[in-house]
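Visitor: Predicted structure and sequence below. I'll ask about it afterward.
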Amino acid sequence: MTGPLSVVPEPVAGHGLLTGRTAVITAAAGTGIGSATARRLLAEGADVVVSDWHERRLTQTAAELAEEFPARRIASIPCDVQHTEQVNELVRGAVEALGRIDIMVNNAGLGGETPVVDMTDEQWERVLDITLNGTFRCTRAALGYFREAGHGGVIVNNASVLGWRAQHGQAHYAAAKAGVMALTRCSAVEAAELGVRINAVAPSIARHAFLDKVSSTELLDQLSEREAFGRAAQPWEVAATIAMLASDYTTYLTGEVVSVSSQRA
């Protein structure tokens, strides 16, 4: 498809939506939605803690962000969301670095491409543990902090349209993302009494260098072409929606999953 919406737009400038806020973003190293979210939140005036299990990429990303946003406070804390103690330390370290946490973006997730009949227990469990259990661990730690701090906050989870839709070879990932959606809804009901809003984004396909490296180019091309715009999203387009959900533009929105997709129904 070709047309006006098939052309990738330029990122919009920040509007100060998050001035004075602090944010933690998991899986924020590299070229994907996490690092794009860090940039978007910084552009909107927030100070950020970026986190990832890959320390070299994390250090590099933090240095790039510091150069790009010299007026903002930026810290980096390694964390593997498979380990509760590391998640708890991430929250403690973020408070030490920035003084408080206002926004938690749970972006960590792991995919794969294996039919159920060939899938091992290890493949199933690893995807579920990082994608769903990791989001649970980070949500639990953030809510514990917000309960003690008493100032409320926002949590934004990264789900996927595969939580609703079927795709060959993606049963583990789809099950995990459907779980993230359910976790978002249920935890949002509980978090309301703490003054915390919890929502999620559900991207269809956001294409970036790392995804192209670990996935079939043919498959990514096919998925992109199926989109109504005839192209994949850019990571910053998903990040912009995350910033909106973290901002005061959505103060009456909680427990919702917002599809960031141009797919036809």
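Guide: It's in.
Visitor: surely Ala200 meets Thr184?
Guide: Yes. Applying C-beta atoms under 8 Å, one finds Ala200 in contact with Thr184, separated by 4.3 Å. (Each C-beta comes from the backbone N, C-alpha and C, glycine too.)
Visitor: number of nearby residues for Ala192?
Guide: Ala192: 13 surrounding residues under other C-beta atoms under 10 Å.
Visitor: Phi, psi for it please.
Guide: In terms of degrees, to the nearest 10, the main-chain angles of Ala192 are phi -60, psi -40.
Visitor: any idea of the pLDDT on the closest residue to Glu113 other than its chain neighbours?
Guide: Leaving out its chain neighbours, the residue that sits closest to Glu113 by C-beta to C-beta, 6 or more residues apart in numbering is Gly169, at 4.3 Å. Per-residue pLDDT puts Gly169 at 94.
Visitor: next one: phi and psi at Gly169?
Guide: Main-chain dihedrals, Gly169, degrees, to the nearest 10: phi 80, psi 10.
Visitor: My guess is it contacts Pro115. True?
Guide: Yes. Counting by C-beta under 8 Å, Pro115 is a contact partner of Gly169 at 5.5 Å.
Visitor: got any residues that touch both of Ala200 and Thr184?
Guide: 157, 159, 256-257 (C-beta atoms under 8 Å, 6 or more residues apart in numbering).
Visitor: that older thread, out of Gly169 and Pro115, which sits in the more crowded spot?
Guide: A side-by-side neighbour count of Gly169 and Pro115, using other C-beta under 10 Å, places Gly169 first with 16 against 10.
Visitor: need the contact list for the residue nearest to Glu113.
Guide: Counted by C-beta under 8 Å, 6+ apart, Gly169 has contacts 112-115.
Visitor: ok so, going back, got the shared contacts of Ala200 and Thr184 as TSV, with pLDDT and neighbour count columns?
Guide: Formatted as TSV, these follow (pLDDT from 0 to 100; neighbours: other C-beta atoms under 10 Å):
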residue	pLDDT	neighbour count
Asn157	98	28
Ala159	97	29
Glu256	98	16
Val257	97	21
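Visitor: Reformat those as TSV; add secondary structure and distance to Val127.
Guide: As requested, the shared contacts of Ala200 and Thr184 are exported to TSV (DSSP: H, G, I helix; E, B strand; the rest coil; distance: C-beta to C-beta, whole Å):
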residue	secondary structure	distance to Val127
Asn157	strand	16
Ala159	coil	14
Glu256	coil	24
Val257	strand	19
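Visitor: Right, I'll leave it there.
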